[in-house]
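# Just to be clear, the model below is a prediction. Sequence and coordinates:
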Amino acid sequence: MVNLLLEYATKHHLVVEPGFAPKTVKWLLWLSETGELLDVVELGNTEQRNNRGQEFARCPDLQQQEMIAGGVTRSHFLVDTCDVVVLYGAGDDAKRLAKHRYFIHLLEQASEAMPELVVAARALHDENLLKRVQERLERSKARPADKITFRIGAITPVESDRWYEWWGQYRRSLQGGADSSARKMVCFATGEFTEPAATHPKIRGLADVGGQPTGSALISFDKDAFTSYSLDQSANCALSEEAAFAYRAALEELLANHSYRLAGAKIVHWFRQPLKREDDLIDILLGGSEAQEEAAAQAQAQRLLRAIHAGERPELIDNQFYALTLSGSGGRVMVRDWMEGSFETLAQNILRWFDDLSIVHREGNRLAEPPRFGAVVGALAREIQDVPSPIISRLFRCAVTGSPLPDKAMAQALSRVRADILTDSPFNHARLGILKATLIRKGGVSMKPALNPEHPSPAYHCGRLLAVLASLQRTALPNVESGVIQRFYAAASATPALVLGRIVRTAQFHLDKIRSENPGLAAWYEGRIADILSAIGDTIPVTLSLEEQSLFALGYYQQMAHDRAGKTALDQNTTTTEEVQP
């Protein structure tokens, strides 16, 4: 995985040199060449509602251990937050003042390499100038945590390279110089002999899924148990400092531009050879583009597979996909899943995913729209935030690799389907699709999207029977408050033998009532009940397993949808007949 991240960083020309990192800056403090305040400029797309600012690709950057080396309170160089650089925001604590003074100190030190920096240092000493800057930031509704840099006349120091050599010397001074006795090892990522980095840079971009705002460590060893063979800290996974910064740059770029958040996890992915957005099946599957329709992934996968098989897209044949599911925990990056495979296999598996999830629409007259991945995850709980991260990563693996769905997903979906039925809520197509897909991928069970009168499972037909008995009751007693479903569904779906016989006997009274008003309809119901009882067999099952309860729910739903479609068609035919009568 790490070597592929290094390959990604190289192909995309990311800044991987230690001591540098891309940073997004919101504000620019513009000074004259003599240090007078000219303006405070908002960077980025100012017309955009959530303007993040402008990204500078090569900013000086210190890691956390460098920021606190020797017990000194330090700031970053050239780019830092508004509260540090210009003391913007409430509070006057000693730590913030110490960082502010250190920011100025760095400018004064670096002026040996870039004399213009003295102008900025003097300006930041001026309390009146700082007050004017603070007022302008307040009028612009800036936040203290927004990053700010400065321009002196026509020069923006962060875009210059004149301070690079000084910056390298400064960082080496924080590290106390090179250790000539340091043990050289083979780098796990490059295979070259190197002095392994003692600690690795932290990954930013996971704060909203459990990570730390300052970053989380992907590779770290901080316990006594990790000191075997005299290997301390990250020497247990030897990587050069350059390799560590390269994988950090790749992961942060992927998290910023190619990630999809679902509840407590983020999914990032990329391809060996970059693709156009419209060919990125994972992005379409996850709903990364708002312009995509729900069926776009399925349709695009079909088109791309046809193109591959016809030889029209040879560049896709050898392409590979890579996908990571990440979250944060206690300052560490949690790699919940890692997948890789061919693009052709990916397209086949995404097609299979939608085929397995396909289910008849609740109206019974068409198939429901293919659900987006987020809808599938959200179908497992009342709120999508309640879905555990491990379940999300398992479902994503199922979609991408064609593996079986976890039993826990079936149990949660079944629980939500049961709740929908008992509260007479509209059926959630994704929940029913999960039941169907889980049964198919477990093997041994054949499931169609719509009603299958020839299905071999008695549990499936028990669900069908309950649907017909409920319809019979509604026809006979349209104003009943507590119907068959509300009273008996939970018991019937678990122990059908104890419940269905009693409901069938009660149904005779409903049939008698309907027969007195509409003999033909009563005969139709009798025939339907007899057919289903015949499909169940000689004995109604006593108890149902989790899989059989899922079959019961699907039989109930598909029978309801089938009957609803028939009723709609009958109503339409009746209306048409009445319209043509003279």
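That came in fine, so what should we check first?
# Count the neighbours of Arg101 for me.
Neighbourhood size, Arg101 [other CB atoms under 10 Å]: 15. Quick note: C-beta positions are derived from backbone N, CA and C, even for glycine.
# what's the answer for the one 5 residues further on, then?
Residues lying near Leu106 (other CB under 10 Å) number 23.
# Who are the contact partners of it?
By CB atoms under 8 Å, 6 or more residues apart in numbering, the contact set of Leu106 is 75, 77, 170.
# Moving C-terminal from the host helix or strand of it, which element do we reach first?
Using DSSP states H and E, Leu106 sits in helix 94-110. Counting by DSSP H and E, the next helix or strand C-terminal to helix 94-110 is helix 117-125.
# tell me which residues of that next one are tucked away?
Going by neighbour count (16 or more other CB atoms under 10 Å), the buried part of helix 117-125 is 117-124.
# The closest residue to Glu253 other than its chain neighbours: neighbouring residues, count only.
Excluding its sequence neighbours, the residue lying closest to Glu253 (CB to CB, 6 or more residues apart in numbering) is Leu14, at 5.8 Å. Neighbourhood size, Leu14 [other CB under 10 Å]: 19.
# Pretty sure Tyr247 is one of the things Leu14 touches, is it not?
No: look at Leu14 against Tyr247 with CB atoms under 8 Å: they stay out of range, at 10.2 Å.
# what separates the residue nearest to Glu253 from Ser160, distance-wise?
Separation of Leu14 from Ser160 (CB to CB, to the nearest Å): 20 Å.
# Equivalent analysis for Leu551, please.
Taken as CB to CB, the span from Leu551 to Ser160 is 69 Å.
# Likewise for Gln300?
Look at Gln300 and Ser160: by CB to CB, they are 45 Å apart.
# Which of the residues in stretch 226-233 are classified as buried?
Buried, per 16+ other CB under 10 Å, within stretch 226-233: 231, 233.
# And for stretch 320-331?
Residues 321-328, 331 are the ones in stretch 320-331 that count as buried (16+ other CB under 10 Å).
# Residues contacting it, please?
With CB under 8 Å, 6+ apart as the test, stretch 320-331 has contacts from 1, 4, 206-207, 209-212, 216-217, 254-255, 264-272, 282, 333-343, 346, 389, 392-393, 396, 400.
# Neighbours of the closest residue to Ala69 other than its chain neighbours, how many?
Excluding the flanking residues, the one nearest Ala69 by CB to CB, 6+ apart is Leu174, at 4.8 Å. Using other CB under 10 Å, Leu174 has 17 neighbouring residues.
# Next one, pLDDT for Leu174 please.
Per-residue confidence (pLDDT) for Leu174: 85.
# what about dumping the CA coordinates of stretch 190-207 to CSV?
Extracted in CSV, the C-alpha atoms of stretch 190-207 (Å, rounded to 0.1, in the frame of the first residue of the first chain):
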residue,chain,number,x,y,z
THR,A,190,11.8,1.8,-1.9
GLY,A,191,14.1,-1.1,-1.1
GLU,A,192,17.1,1.3,-0.7
PHE,A,193,19.4,1.5,2.3
THR,A,194,18.4,4.5,4.4
GLU,A,195,18.5,6.0,7.9
PRO,A,196,14.8,5.4,8.9
ALA,A,197,12.8,8.3,10.1
ALA,A,198,12.3,8.1,13.9
THR,A,199,8.8,9.5,13.6
HIS,A,200,6.5,10.0,10.6
PRO,A,201,4.5,13.1,9.7
LYS,A,202,0.8,13.0,10.7
ILE,A,203,-2.0,12.8,8.2
ARG,A,204,-4.5,15.6,8.2
GLY,A,205,-8.0,15.3,6.9
LEU,A,206,-9.6,12.8,9.3
ALA,A,207,-10.8,15.1,12.0
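# in that stretch, what counts as buried?
Residues 190, 194-197, 199-206 are the ones in stretch 190-207 that count as buried (16+ other CB under 10 Å).
# From those, pick the one nearest Ser240.
Closest to Ser240 out of the buried residues of stretch 190-207 is Thr194 (3.9 Å), distances taken as CB to CB.
# how near is that closest one to Thr543?
63 Å.
# Kindly report the same for Phe150.
Counting by CB to CB, the gap from Phe150 to Thr543 is 74 Å.
# more neighbours, these two?
Between Phe150 and Thr543, Phe150 has the larger neighbour count (other CB under 10 Å), namely 24 against 11.
# could you say which helix or strand contains that one?
Using DSSP H and E, Phe150 falls within strand 147-152.
# Now that strand: average pLDDT?
Averaged across strand 147-152, the pLDDT comes to 96.
# try stretch 333-347
Mean pLDDT, stretch 333-347: 93.
# re earlier: can I get the contacts of Leu106 in TSV including neighbour count, distance to Leu286 and secondary structure?
Converted to TSV, the contacts of Leu106 look like this (neighbours: other CB atoms under 10 Å; distance: CB to CB, whole Å; DSSP: H, G, I helix; E, B strand; the rest coil):
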residue	neighbour count	distance to Leu286	secondary structure
Ser75	21	38	coil
Phe77	25	38	coil
Tyr170	18	42	helix
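# Nearest to Asn428 among these?
Ser75 (51.6 Å).
# Now do the same contact list for Tyr102.
Tyr102 touches 72-75, counting by CB under 8 Å, 6+ apart.
# Most neighbours among those residues, which one?
Ser75 (21 neighbours).
# so what's Phe343 closest to, chain neighbours aside?
Asn319 is the one closest to Phe343 (CB to CB, 6+ apart), at 4.2 Å.
# Please report how far Ala437 lies from Asp355.
9 Å.
# Those two - which one has more neighbours?
More crowded of Ala437 and Asp355, by other CB under 10 Å: Ala437, with 28 against 13.
# ok, Glu17 - contacts?
Neighbour list for Glu17: 242, 245 [criterion: CB under 8 Å, 6+ apart].
# quick thing: my sequence starts at 58, can you match it?
Yes, from this point I'll number from 58; that puts the last item at Glu74.
# shaky segments in the chain?
Low-confidence segments of the chain (pLDDT under 70): 149, 233-239, 284, 345-353, 624-639.
# what ranges do the strands span in it?
All strands of the chain, identified by DSSP state E, fall at 77-82, 84-88, 94-99, 111-117, 137-138, 204-209, 242-243, 250-251, 316-319, 322-328, 377-386, 389-399.
# ranges for the helices of the stretch 258-407 of the chain?
298-314, 338-343, 353-366, 371-374, 400-414 (DSSP state H, counting those that start in this stretch).
# Among those helices, show me which one is buried the most.
Counting by mean count of other CB atoms under 10 Å, helix 338-343 has the highest mean neighbour count of these, with a mean of 24.
# contact partners of that one?
315, 317, 319, 324, 326, 334, 346, 349, 353-354, 357-358, 361, 378, 380, 403-404, 407, 410, 429-431, 456-457.
# before we move on, the earlier item: which parts of the strand holding Phe207 are buried?
Neighbour-count burial for strand 204-209 flags 204-209 (criterion: 16+ other CB under 10 Å).
# that older thread, residues contacting the residue nearest to Glu310?
Taking CB under 8 Å, 6+ apart, we find Leu71 in contact with 65, 79, 303, 306-307, 310.
# and the two most separated of those residues?
Maximum pairwise distance among those (CB to CB): 14.7 Å, between Tyr65 and Pro79.
# any idea how far Glu401 is from Ile339?
Taking CB to CB as the measure, Glu401 and Ile339 are separated by 14 Å.
# ok, back up a step: distance to Val98 added to the buried residues of strand 204-209, as CSV?
Below are these laid out as CSV (distance: CB to CB, whole Å):
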residue, distance to Val98
Lys204, 13
Ile205, 10
Thr206, 10
Phe207, 10
Arg208, 8
Ile209, 13
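# between these, which is nearest Leu424?
Lys204 (49.6 Å).
# Using TSV, please lay out the contacts of Leu71 together with distance to Val243.
Shown next, in TSV, are the contacts of Leu71 (distance: CB to CB, whole Å):
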residue	distance to Val243
Tyr65	22
Pro79	30
Ala303	17
Ala306	22
Ala307	21
Glu310	27
